[in-house]
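1. Predicted model, plus sequence, below.
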Amino acid sequence: MSLVTQERLAARRVGPPEATISRAYSFADLSSYSAKDRFLIRAAAFISYLVIHLVGRTMRFRVDGVEQLEALSEGGYVPIFNSWHNRSFLAIYWLRHRKIAALTSKSFDGEYISRLIQKFGFGAVRGSSTRGGAGAIVEMARLLRAGFPTALTPDGPRGPLYEVKLGSLLLAKKTGNPIVPIMVTAASYWKLPSWDCYRIPKPFTRATVRLGNPIFVPENAGEDLLEEKRKELKSALEQISD
């Protein structure tokens, strides 16, 4: 089944835009999980929220490229933020309470992450490159058209590390809105022994927020142009990474 066909079928399932907005900005029903898993999801989300909130309050941020967002807003565009998966800790804190809808995976981990980011004012759209991807693109497109920015980690949720998948490019192509590379990098941090060497910033350190030039994808972009844009996005993310 082609991606276009998958998106058409998904569009019938996700319902009207109001339902999409409500679903993204409300906690999901956990009744399908066991009592133990429901407790673990809620506890993990709460503890992660506290850690990010407390560490974030100690950080000193310097911002480069904020004029990119101002220009896009004046032009009537809604950004599709992209950042590497291992920099999401501070990105969540810096982008908090802006009504951004972020893509999370359809999994146990994805559910607690959804609740975590919702505590920071994000919306959560559940799907990934392997599960529910077409439906997630449709929902995020509807949110963009309703004026809600979106956010994706193009190398998430399981990698490969620093490899860009097509989700953001297809979303930009579908809506006409630009991808905005963003990276929030701490000067001092710990690395977790995970597939992406996830970075936990050390409290009271400096952090730099860098925004790259917006990347537009034409509505008629074919496979060759999508590949060019994929490489352009990867290069842009690498340039602002450190």
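-> Sure, I can see it.
2. Return the list of helices and strands in contact with whichever strand in the chain runs longest.
-> Criterion DSSP state E: the longest strand present in the chain is strand 179-186. Judged by 3 or more Cβ pairs under 8 Å, 6 or more residues apart in numbering; DSSP states H and E, strand 179-186 is in contact with helix 67-74, strand 80-82, helix 88-94, helix 167-175, strand 206-211, helix 223-239. For glycine as for every other residue, the C-beta is placed from the backbone atoms N, C-alpha and C.
3. That one vs helix 223-239, what angle?
-> 20 degrees (axes from the mean of the first three to the mean of the last three Cα atoms, to 10 degrees).
4. Single out the most deeply packed of the helices and strands packed on strand 179-186.
-> Comparing those by mean neighbour count (mean count of other Cβ atoms under 10 Å), strand 80-82 comes out on top with a mean of 25.
5. which strands and helices sit next to that strand?
-> strand 150-152, helix 167-175, strand 179-186.
6. Can you show me the CA trace of the last one as CSV?
-> This file holds the C-alpha atoms of strand 179-186, laid out as CSV (Å, rounded to 0.1, in the frame of the first residue of the first chain):
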residue,chain,number,x,y,z
ILE,A,179,11.0,22.8,8.6
VAL,A,180,13.0,24.8,11.1
PRO,A,181,16.1,23.1,12.4
ILE,A,182,16.6,23.8,16.1
MET,A,183,19.3,22.6,18.6
VAL,A,184,19.5,23.4,22.3
THR,A,185,23.0,22.3,23.4
ALA,A,186,24.4,22.4,26.9
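7. Give the rounded mean pLDDT of it.
-> For strand 179-186, mean pLDDT is 98.
8. After it, heading C-terminal, what element do we hit next?
-> strand 189-191 (DSSP states H and E).
9. List the strands paired with the following helix or strand past that following strand, with their directions.
-> Sequence-wise, the next helix or strand downstream of strand 189-191 (DSSP H and E) is strand 199-201. Here strand 199-201 has these sheet partners by DSSP bridges: strand 189-191 (antiparallel).
10. If we go by neighbour counts, what in the partner strand is buried?
-> Of the residues in strand 189-191, Tyr189 count as buried by neighbour count, 16 or more other Cβ atoms under 10 Å.
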